[in-house]
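Trainee: Here is a sequence together with a model predicted from it:
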Amino acid sequence: MGDPGADESTSRPGSSDEEGGSSEDRPLLHQRLAVRELLDTEVSYLHMLQLCASNIRGRLQQLPQGDLDVLFSNIDEIIQVSSRFLHGLQETASKEEEQVYLVGKLFLEFQEEFERVYKVYCASYDQALLLLETYRKEPELQQEIQSIIEAVVPQAGPSGLSFLLVIPLQRITRYPLLLQRILENTRPDASAYPVLQRAASALQDVNANINEHRMRKEVASKYTRVEPLSLRERLARINTHTLSKKTTRLSQLLKQEAGLVSRTEDKEFDDLEERFQWVSLCVTELKNNVAAYLDNLEAFLRFRPHECDLDIPGGSVEQYSNLARDLQREAFLEFKQRLESLVWRPLCSLAKALVGPQNLIKKRLDKLLDFERVEEKLLEVGSVTYEEEAARHTYQALNSLLVAELPQFNQLVMQWLGQILRTFVALQKDLAEQVLQRAEGCVAQLPHHHLSEPAFRKLVEDTLGQTGNQLHVYRENFEKVLPPPTAQPLLPGSERQVQALLSRYGPGKLYQVTSNISGTGTLDLTLPRGQIVALLQNKDTKGNSNRWLVDTGGHRGYVPAGKLQLYHVVPSEKELRGQAGPHQDSQHPTPEPPSAPVCSVPAVTQVVAVYPFAARSSHEVSLQAGQPVTVLEAQDKKGNPEWSLVEVNGQRGYVPSSFLARAPSPAPWGWTLPS
Amino acid sequence: MKPGKNPEVQVKGWIPFKIGQPKKQIVPKTVERDFEREYGKLQQLEEQTKRLQKDMKKSTDADLAMSKSAMKISLDLLSNPLCEQDQDFLNMVTALDTAMKRMDAFNQEKVNQIQKTVIEPLKKFGSVFPSLNMAVKRREQALQDYRRLQAKVEKYEEKEKTGPVLAKLHQAREELRPVREDFEAKNKQLLDEMPRFYGSRLDYFQPSFESLIRAQVVYYSEMHKIFGDLTQQLDQPGHSDEQRERENEAKLSELRALSIVADD
């Protein structure tokens, strides 16, 4: 590496350190030489780094960028740090006596930076070596690389790239040695001595930390791997070795549980682990709950009631339709997307990040059990095998790794969780804002936007009550399309028979046959449709209530009850249709309007004409639908309530009473109740 | 009653004269067409009413489910032992939980209002249809009866006018009259009532939809206020989405930098 130490006797002018005589000369000389060596080697070191970084790396174009990143890692950073370090060293050169002191100080200044940059480089060095292995397996590639290197750095020799890549490692480990040499040749009472001492131990610490970091990374990468093994793979992995390991662990665990063996209590670790478990629980639960929330949101967005407009154009129906559509397509969609990217995805990343530590914790426990057995064995036997020692080291490595990094892990996760929750809240607020923005335009156009909410609700309640009643009336009207059972016309010549039955049995007992009856048994009658009979018994001798005993006036016998219908000889109850006559015709000779929905609405004020009416004589007056009228008399001169005397448009006359209706209380502005 | 085949159309002398089918077109085509059109509109309205009611119900159910799952988020957080260790966490989660509970209450109120002012009225409106359909069926029955008796009369009219025939003819006419009148009454009534019922939807539903809009506005106003207050309380500056993404990336990198986190 570099020039073999240049043994130049640099006797500088003015260096008058000849005071102590020859016994002090040699240490001083060595010291000087050591310092000189430090400087010179730093120069050539930096030069080599630059060659690697630019010439060699630049020419290794056939390798993918990812590989180059691994091979050369953060060599650029090292170059930067080294350049500055070198500059600092060169500045001390002019300082003569103070030089050693300044050198020591310089090292202390750079301690942190050295650790930072070399840590990274050294940690990735192992991976770089693996890469080089793979290259060696491809002779062509290997040849190309070799020729490039030989062109640039002939002294690299056959080891090629690995020779070059190891240089930074060698350098950082050399610093303590160089410092040591300087220190050895410095008088303990010299002012520079303490500084140099500190510098030497500092650089040793740096190396120790770098190694520790490297080892942890190695251990971590071995055990954090999530390997989805199939059952077969798992079975294949079981061999006597693993089996024995597992059974040993199990027995150790059992011994612990049984109190036969004391457990290695590590409160610090246990607390850490407990916190980690809670943090994991938090993440997992939150992730699941957010997933459920998103599912429900999706379900909610699937239903589109606003697509049904009941064929009602305009008005609040259209407003609602438009608003709901906008909300679904834009506001809610955006909300969902933002939720997914800013809340759900981070939670997934968090959940994945939990896996590594979980595996390590498990492994640590396994190794702990191994470790404890080893300790036992040590006590019993006095020695342990190499493998057992290795188990101990692994346990310790895992333990220190976890203890070092779990606190930070927990903290980071908690911070991130806090961030995610705050985002969740912000998204809700934004959604509400979006909805309100879009609804604003809508609301201003609603007929009752000026009403307060309680007043509006009362209004709606009242209105719905009224309109509900009107629906009831519609329903009743439709039900009354079938009037009370239409009686069949009487058979010719049967009036006298009916009278006879009527006088004998009374009106309530008369029934009419609704369809032809063909009697089968000897006691059954055969009757045509329209025949009138009188009921004697509404069940037969066996108690069957479907077979009735009747009297036709001439014969007696049984008929099926289903074919009989009560026969009204006189119109009995009042009906909306105001029917009259012996035959319950559904048609009345006078103009018969379909019954108006009678609104049982309170606060009656005004009478209006519901249907148009054309006056047919001078006694009558014409009406238009919806016209308000004044009722003068609710019956005609003969007292017939079917006609009313009204005044309308300054004219007076009779109109059919059923054409009038009480108008409901003044309709709320914007809503006209069906009139 | 399906619009379509009009059995009145008979080609005289072409098709053997069937008992029960009158030759005279007893219901004018225009009337029949009007009837079918009006009834058709109502049938569509019935379907739409049913569908709207169902969709509204499902939508509000999903809405409730969403709110419940939001509450579960804060509930589970609150029950995590971390709350005992970490005061800041506890404060944040408590505030969140309070907000969620309040939102759920408002949501319930919103859903109740929708139930009362939209779903119930829809149900009521829909309840008229079975009666209407029955009425239409009865009219159809009456029509069939009418046709049958009309055919009978025509049969007798065509026969040689003997004494017994005349008597039977007279009887048939007597039978026909009330049936015809019955049909005509039903027909007229339905022709009058159907459009009016159809038209009644316009005014009937206006309040419902206005109420629906207002209920949403009330709810989201509360939501805006509650979550606005909460963001202030949690000291959340108004980040843009890009900023948030970057924050997430940063956190992830920090985590990945740890050795104990597996590289992915």
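Mentor: Sure thing, it's come through.
Trainee: quick one: low-confidence parts of chain B?
Mentor: Low-confidence segments of chain B, defined by pLDDT under 70: B:1-21, B:23, B:263-264.
Trainee: Okay, A:Gly356 and B:Ala262: tell me how far apart.
Mentor: To B:Ala262, A:Gly356 is 4 Å away according to C-beta to C-beta, to the nearest Å. For the C-beta atoms, the positions are set from N, CA and C on the backbone; glycine is no exception.
Trainee: So is stretch A:270-278 next to chain B?
Mentor: Yes - applying C-beta under 8 Å from any C-beta of the partner chain, one finds stretch A:270-278 in contact with chain B at A:275, A:278.
Trainee: how about that stretch: buried residues?
Mentor: Using 16 or more other C-beta atoms under 10 Å in any protein chain shown as the test for burial, stretch A:270-278 gives A:272-273, A:275-276, A:278.
Trainee: Pipe those residues into JSON lines and attach distance to A:Lys119, pLDDT and secondary structure per row.
Mentor: Putting the buried residues of stretch A:270-278 into JSON lines (distance: C-beta to C-beta, whole Å; pLDDT from 0 to 100; DSSP: H, G, I helix; E, B strand; the rest coil) gives the following:
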{"residue": "A:Leu272", "distance to A:Lys119": "23", "pLDDT": "89", "secondary structure": "helix"}
{"residue": "A:Glu273", "distance to A:Lys119": "27", "pLDDT": "91", "secondary structure": "helix"}
{"residue": "A:Arg275", "distance to A:Lys119": "27", "pLDDT": "92", "secondary structure": "helix"}
{"residue": "A:Phe276", "distance to A:Lys119": "25", "pLDDT": "94", "secondary structure": "helix"}
{"residue": "A:Trp278", "distance to A:Lys119": "31", "pLDDT": "93", "secondary structure": "helix"}
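Trainee: Tell me how many other residues crowd A:Leu106.
Mentor: Neighbour count for A:Leu106, taken as other C-beta atoms under 10 Å in any protein chain shown: 19.
Trainee: from memory it sits against A:Gly88, does it?
Mentor: Yes - under the criterion of C-beta atoms under 8 Å, A:Leu106 makes contact with A:Gly88 at 4.8 Å.
Trainee: Before we move on, what's the pLDDT of A:Glu97?
Mentor: With respect to pLDDT, A:Glu97 scores 73.
Trainee: Could you identify the helix or strand that succeeds the helix or strand that contains A:Val443?
Mentor: Here A:Val443 sits within helix A:386-444, counting by DSSP states H and E. The helix or strand immediately downstream of helix A:386-444 is helix A:453-479, counting by DSSP H and E.
Trainee: Tell me how many other residues surround A:Ser316.
Mentor: Close neighbours of A:Ser316, defined as other C-beta under 10 Å, add up to 26.
Trainee: wait, I meant B:Gln25
Mentor: Other residues lying near B:Gln25 total 12 when counted by other C-beta under 10 Å.
Trainee: and it, how far is that from B:Glu32?
Mentor: Distance of B:Gln25 to B:Glu32, given as C-beta to C-beta: 9 Å.
Trainee: And for A:Arg171?
Mentor: According to C-beta to C-beta, A:Arg171 stands 105 Å off from B:Glu32.
Trainee: again with B:Glu46
Mentor: Using C-beta to C-beta, B:Glu46 is found at 21 Å from B:Glu32.
Trainee: A:Gln155 too?
Mentor: Counting by C-beta to C-beta, the separation of A:Gln155 from B:Glu32 is 110 Å.
Trainee: who's in contact with residue 81?
Mentor: No chain in the question, so chain A it is. By C-beta atoms under 8 Å, 6 or more residues apart in numbering or on different chains, the contact set of A:Val81 is A:110, A:113-114, A:117.
Trainee: Sorry, I should have been clearer: chain B.
Mentor: B:Pro81 makes contacts with A:Trp278, as judged by C-beta under 8 Å, 6+ apart.
Trainee: Counting neighbours, what do you get for residue 29?
Mentor: Defaulting to chain A. By the measure other C-beta under 10 Å, the count of residues near A:Leu29 is 15.
Trainee: please go with chain B instead
Mentor: B:Lys29: 11 surrounding residues under other C-beta under 10 Å.
Trainee: pLDDT weak spots in chain A?
Mentor: Scanning chain A for pLDDT under 70 picks out A:1-24, A:224-243, A:254-265, A:384, A:481-493, A:568-606, A:662-675.
Trainee: Check which helix or strand A:Pro158 maps to.
Mentor: A:Pro158 belongs to no helix or strand when assigned by DSSP H and E.
Trainee: which residues does it contact?
Mentor: Applying C-beta under 8 Å, 6+ apart, we find A:Pro158 in contact with A:Gln146.
Trainee: Any figure for the gap between it and A:Leu49?
Mentor: A:Pro158 sits 21 Å away from A:Leu49, going by C-beta to C-beta.
Trainee: buried ones in stretch A:426-444?
Mentor: A:426-436, A:438-439, A:442-443.
Trainee: To clarify, my last question referred to stretch B:114-123.
Mentor: Residues B:114, B:116-119, B:121-122 are the ones in stretch B:114-123 that count as buried (16+ other C-beta under 10 Å).
Trainee: Redo these as JSON lines? Include secondary structure and distance to chain A.
Mentor: Below are the buried residues of stretch B:114-123 laid out as JSON lines (DSSP: H, G, I helix; E, B strand; the rest coil; distance: C-beta to the nearest C-beta, whole Å):
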{"residue": "B:Ile114", "secondary structure": "helix", "distance to chain A": "10"}
{"residue": "B:Lys116", "secondary structure": "helix", "distance to chain A": "8"}
{"residue": "B:Thr117", "secondary structure": "helix", "distance to chain A": "5"}
{"residue": "B:Val118", "secondary structure": "helix", "distance to chain A": "9"}
{"residue": "B:Ile119", "secondary structure": "helix", "distance to chain A": "10"}
{"residue": "B:Pro121", "secondary structure": "helix", "distance to chain A": "6"}
{"residue": "B:Leu122", "secondary structure": "helix", "distance to chain A": "9"}
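Trainee: Now the residues you listed in CSV, please, with extra columns for distance to B:Phe129.
Mentor: Shown next, in CSV, are the buried residues of stretch B:114-123 (distance: C-beta to C-beta, whole Å):
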residue, distance to B:Phe129
B:Ile114, 22
B:Lys116, 21
B:Thr117, 21
B:Val118, 18
B:Ile119, 16
B:Pro121, 14
B:Leu122, 12
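Trainee: From those, pick the one nearest A:Val655.
Mentor: B:Pro121 (34.5 Å; C-beta to C-beta).
Trainee: Distance of the nearest residue to that closest one once chain neighbours are set aside relative to B:Gln43?
Mentor: Once flanking residues are discounted, B:Pro121 sits nearest to B:Ser208: 5.3 Å by C-beta to C-beta, 6 or more residues apart in numbering or on different chains. In this view, B:Ser208 and B:Gln43 are 21 Å apart by C-beta to C-beta.
Trainee: Which of those two has more residues huddled nearby?
Mentor: Each of B:Ser208 and B:Gln43 has its neighbours counted (other C-beta under 10 Å); B:Ser208 has more, 27 against 16.
Trainee: Doesn't the more buried one lie inside a helix?
Mentor: Yes - if the criterion is DSSP: H, G, I helix; E, B strand; the rest coil, then B:Ser208 is within a helix.
Trainee: in which helix or strand would I find residue 141?
Mentor: This is for chain A. For A:Leu141, the enclosing helix or strand under DSSP H and E is helix A:139-152.
Trainee: Not quite, go with chain B.
Mentor: Counting by DSSP H and E, B:Gln141 is found in helix B:128-158.
Trainee: What is that helix packed up against?
Mentor: Helices and strands touching helix B:128-158, by 3 or more C-beta pairs under 8 Å, 6 or more residues apart in numbering or on different chains; DSSP states H and E, are helix A:453-479, helix B:29-78, helix B:163-233.
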